[in-house]
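[1] Provide a 3D model corresponding to the input given below.
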Amino acid sequence: MRILVTGAAGFIGAALCERLLARGDRVVGIDSLNAYYAVALKQARLARLVGAGGNRFSFIQLDFSDRFMLEEALAALEFDAIIHLGAQAGVRHSIDAPHDYASSNLVGHLNLLELARHRAIPHIVYASSSSVYGGNDKLPFAVEDRADHPVSLYAATKRANELMSESYAHLYRIPLTGLRFFTVYGPWGRPDMALWKFTSAILAGRPIQVFNHGDMYRDFTYIDDIVAGVVAVLDNPPADDGAQKAGGSTKPHALYNIGNNRSEPLMKVIGLIEAACGRTATLEMLDMQPGDVPATYADIEAIRRDLGYEPTTPIEEGIPKFVEWFRAYHAA
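    Predicted structure coming up:
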């Protein structure tokens, strides 16, 4: 297959590209390489992809929220599918820089939908987020649950992506699948995520900030399990048959949770990081942050039923793997 991947230099995007290249696909990756976190990390991920894919991987640096730049850069290229993972990430950053989210997550998503529409792309898979569930206190979160009370602008943009996609599936019969990712972690992860921050601080002897006084729960999902879910979805576009899909649509549009199907206490996670680092953390207990939620927990029955998806990496295995990679990466 010839696949366009947005956010190819990102955490999930790079891991996905590596998996696609390993199975023989041709991949064109695009990414703006913005400075939300260290560009050197993004460039290191890209270097790995060039090494893994050779001439089956090509990269174009561009901001896909610029419609004319996107169309011009891709004019001579053809694709069998689009995997749209690129976005301005981060719940907390959306409070400080809201316009970045409107540009990348709203205008950018529309540009990819329009690209798929005019190219008659057979399937577009896009990244949503567990954040769309907002302050839902019913656990686990199921794709059938209401998702219309976001507690951050980031969450609102991701829910808007789902609604925009539903309209395009209705109007233009484009097969679309949205994926609500739950707290992704693992090697080559993001510096703004808790596991990276905690590991970095513990190894450096700095205190770690623990919000809601540690009474937090997350469905931590290892990167390999996330990628396995994305590939399974890619290979199974929703049919335009009028049947109800996961998430409730009768159009060719499905929504799936991709998580580990376990809600883990934050203090347990900190303990596992401490053990992997061989050091004890100094804890700075703080109140809940604006835009945050106390717990996430993925009901994965829909993707399990439809595609046989089953996560295989518990945090007892995944966290030591991340810490091992973190130490090696910073020693290089």
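
[2] show me where the stretch 101-250 of the chain has strands.
    Counting by DSSP state E, counting those that start in this stretch, the stretch 101-250 of the chain has these strands, from start to end: 124-129, 176-181, 184-185, 208-210, 217-218, 221-222.

[3] got a list of contacts for the last one?
    Strand 221-222 is contacted from outside by 181-186, 258-260, 298, 311, 313, 315, 317-318, 321, using Cβ atoms under 8 Å, 6 or more residues apart in numbering. All C-beta atoms are positioned from the backbone trio N, CA, C, and that covers glycine.

[4] for the first one, same thing?
    Judged by Cβ under 8 Å, 6+ apart, the contacts made with strand 124-129 from elsewhere in the structure are 7, 12, 81-85, 87, 109, 112-113, 116, 154-155, 158-159, 161-162, 165, 174-181, 230, 233-234, 255.

[5] may I have the predicted confidence score for Phe141?
    For Phe141, the pLDDT comes out at 96.

[6] residues in contact with Gly13?
    So Gly13 contacts Val5, Thr6, Gly7, Gly29, Asp31, Ile83, Leu85, Gly86 (Cβ under 8 Å, 6+ apart).

[7] need those in TSV (columns: secondary structure, neighbour count and pLDDT).
    Shown next, in TSV, are those (DSSP: H, G, I helix; E, B strand; the rest coil; neighbours: other Cβ atoms under 10 Å; pLDDT from 0 to 100):
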residue	secondary structure	neighbour count	pLDDT
Val5	strand	31	98
Thr6	strand	26	98
Gly7	coil	26	98
Gly29	strand	30	98
Asp31	strand	24	98
Ile83	strand	31	98
Leu85	coil	25	98
Gly86	coil	27	97
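
[8] of all those, which two lie farthest apart?
    Greatest spatial distance among these (Cβ to Cβ): Asp31 and Ile83, at 12.6 Å.

[9] one step back: Lys251 is nearest to which of the strands of the stretch 101-250 of the chain?
    Of all the strands of the stretch 101-250 of the chain, strand 176-181 comes closest under Cβ to Cβ, at 8.3 Å.

[10] look up phi and psi at Leu255.
    phi -130, psi 130 (degrees, to the nearest 10).

[11] contact partners for the closest residue to it other than its chain neighbours?
    Counting by Cβ to Cβ, 6 or more residues apart in numbering, Gly247 is the residue found nearest to Leu255 once chain neighbours are left out, at 3.0 Å. By Cβ under 8 Å, 6+ apart, Gly247 lies in contact with Val143, Glu144, Glu162, Gly178, His253, Ala254, Leu255, Tyr256, Ala302.

[12] in PyMOL, select just the buried ones from those residues.
    Buried residues among the contacts of Gly247 (16 or more other Cβ atoms under 10 Å), as a PyMOL selection:
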select buried, resi 143+162+178+253+254+255+256+302
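
[13] so can I have a markdown table of the contacts of Gly247 showing distance to Met216?
    Output for the contacts of Gly247, formatted as a markdown table (distance: Cβ to Cβ, whole Å):
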| residue | distance to Met216 |
| --- | --- |
| Val143 | 23 |
| Glu144 | 25 |
| Glu162 | 25 |
| Gly178 | 26 |
| His253 | 32 |
| Ala254 | 30 |
| Leu255 | 25 |
| Tyr256 | 24 |
| Ala302 | 26 |
